[in-house]
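**Q** Just to be clear, the model below is a prediction. Sequence and coordinates:
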Amino acid sequence: MNPPYETITKKTIHYTLQIYLDYFNERLRVDQYQGNMSMILQELDQLVNKSSFTKVIFFARPEHWQKLLSTGFELEAIIKGYFNGTDSYIMTCYKDIERRTSKYWIEEDTVLQEIQKKTTKEAAIIPERYHFRKADEQDAEKLAELYRIVFAVYPTPMNDSDYVKKMIRSGTIFYVVECNKQLVSAASADVNNTFYHAELTDCATLPEHRKYGLMKKLLIQLEDELKKSGIFCAFSIARALSFGMNAAFFQLGYQYNGRLTNNCYIFDKLEDMNVWVKDLSKK
């Protein structure tokens, strides 16, 4: 039985390739690469043909995205500054027509349009009973419980406290909100110290605590933490159907830079994900 995911590295005299094999979400993702592009693509074909992956994602550099386009990939999003200040072109290829077909695309376009024309309202006043702080390993069980409650399905095993603890040990930054000693909201920054970027992710708030703008304040605290570490490329991949999360990123100055079709299992099904990007050096 395959694990939920694994990272493998392929090295030959012609190329080096680091691939994320995501069995749970039935996708293969190229995170790092260098060398002969034609041979890299041949290697990807062999991996896909031996597996049940229905989507291939390639984080390409500017000089390679058109090569991928000419071989059947399509451009779904751009993350500005992803590779140490150089843009990443998210190229995708589908192996299944159902995976390629979005049932909610028009509805998601409407969500974006409503967010972008909506006048930013004043920030809600956060009651004093809410306390914000940086999390540590001792919070792993409470964090896992929060994600277990909020998400019936999640693309990574965030409902496993051992997995959460491993993330914190590896450098992922979590900020949390407590109310009456209960953890009610959390978000994280998955930091890449090779390419100097961070993904703001794992955003979750218990339904009864969602009217005070807790998530926006958590994201601001994460941004401040990243800037102290010299990380200025921040991005997030948010559920395209979620008005609240997309509105939060828009109001915080993130730029919408594309949508990933049927990208991962989250909430209760495969969902499209919007890509939001921000240059923190301009904040």
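**A** Received the coordinates, thanks. Bear in mind that the values here come from a model prediction, so they are computed numbers and not experimental data.
**Q** burial count for the closest residue in space to residue 127 that isn't next to it in sequence?
**A** Counting by Cβ to Cβ, 6 or more residues apart in numbering, the nearest residue to residue 127 once its immediate chain neighbours are dropped is residue 212, at 6.8 Å. For every residue, glycine as well, the C-beta is placed using N, CA and C. By other Cβ atoms under 10 Å, the residues close to residue 212 number 19.
**Q** for residue 212, helix, strand, or coil?
**A** For residue 212, the assignment made with DSSP: H, G, I helix; E, B strand; the rest coil gives coil.
**Q** give me every residue that touches it.
**A** 124, 125, 126, 127, 130 (Cβ atoms under 8 Å, 6 or more residues apart in numbering).
**Q** Mind listing what's buried along stretch 53-72?
**A** Taking 16 or more other Cβ atoms under 10 Å as the neighbour-count basis, stretch 53-72 is seen to contain the buried residues 53, 54, 55, 56, 57, 58, 59, 60, 65, 68.
**Q** Could you list everything the third one pairs with in the sheet?
**A** On DSSP bridges, the residues paired with residue 55 through beta bridges are residue 27, residue 94.
**Q** Wait, it touches residue 28, no?
**A** Yes. Under the contact definition of Cβ atoms under 8 Å, residue 55 touches residue 28, with a separation of 7.5 Å.
**Q** Determine the residues that are contacts of both of the two.
**A** Counting by Cβ under 8 Å, 6+ apart, nothing touches both residue 55 and residue 28.
**Q** Quick check: which element contains the spatially closest residue to residue 90 that is not a sequence neighbour?
**A** In this structure, residue 90 finds its nearest non-sequential neighbour in residue 77, 4.3 Å apart by Cβ to Cβ, 6+ apart. Under DSSP states H and E, the secondary-structure element containing residue 77 is strand 74-83.
**Q** Break down the stretch 51-200 of the chain into its helices, ranges please.
**A** Under the criterion DSSP state H, counting those that start in this stretch, the stretch 51-200 of the chain carries helices at the ranges 65-69, 97-100, 105-117, 140-150, 161-169.
**Q** So which of those helices is nearest residue 3?
**A** Each of those has some distance to residue 3 by Cβ to Cβ; the shortest is helix 161-169, at 11.3 Å.
**Q** who wins for proximity to residue 259 among the helices of the stretch 51-200 of the chain?
**A** Relative to residue 259, the nearest member of the helices of the stretch 51-200 of the chain by Cβ to Cβ is helix 105-117, separated by 6.9 Å.
**Q** any chance of the helices of the stretch 51-200 of the chain in JSON lines, plus distance to residue 182?
**A** Formatted as JSON lines, the helices of the stretch 51-200 of the chain follow (distance: least, Cβ to Cβ, whole Å):
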{"stretch": "helix 65-69", "distance to residue 182": "46"}
{"stretch": "helix 97-100", "distance to residue 182": "38"}
{"stretch": "helix 105-117", "distance to residue 182": "30"}
{"stretch": "helix 140-150", "distance to residue 182": "8"}
{"stretch": "helix 161-169", "distance to residue 182": "16"}
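**Q** Take those and write them to CSV, including distance to residue 204 and mean pLDDT.
**A** Converted to CSV, the helices of the stretch 51-200 of the chain look like this (distance: least, Cβ to Cβ, whole Å; pLDDT from 0 to 100):
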stretch, distance to residue 204, mean pLDDT
helix 65-69, 33, 97
helix 97-100, 26, 97
helix 105-117, 19, 96
helix 140-150, 4, 96
helix 161-169, 12, 96
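**Q** For residue 202, find the nearest of the ones you listed.
**A** Comparing the helices of the stretch 51-200 of the chain under Cβ to Cβ, the one sitting nearest is helix 140-150, at 7.2 Å.
**Q** correct me, but the residue nearest to residue 90 touches residue 259?
**A** Yes. In this structure, residue 77 sits in contact with residue 259. The criterion is Cβ under 8 Å, and the distance is 6.8 Å.
**Q** Go ahead and flag the most central residue of the protein.
**A** residue 237 (4.0 Å; Cα atoms, centre = their mean).
**Q** Over to the residue nearest to that residue when sequence neighbours are not counted. Which of the three states is it?
**A** By the measure of Cβ to Cβ, 6+ apart, the closest residue to residue 237 outside its immediate chain neighbours is residue 273, 4.5 Å from it. Put simply, residue 273 is strand when judged by three-state DSSP.
**Q** Next up, the contacts around residue 273.
**A** With Cβ under 8 Å, 6+ apart as the criterion, the residues that contact residue 273 are 237, 238, 239, 240, 259, 260, 263, 264, 266.
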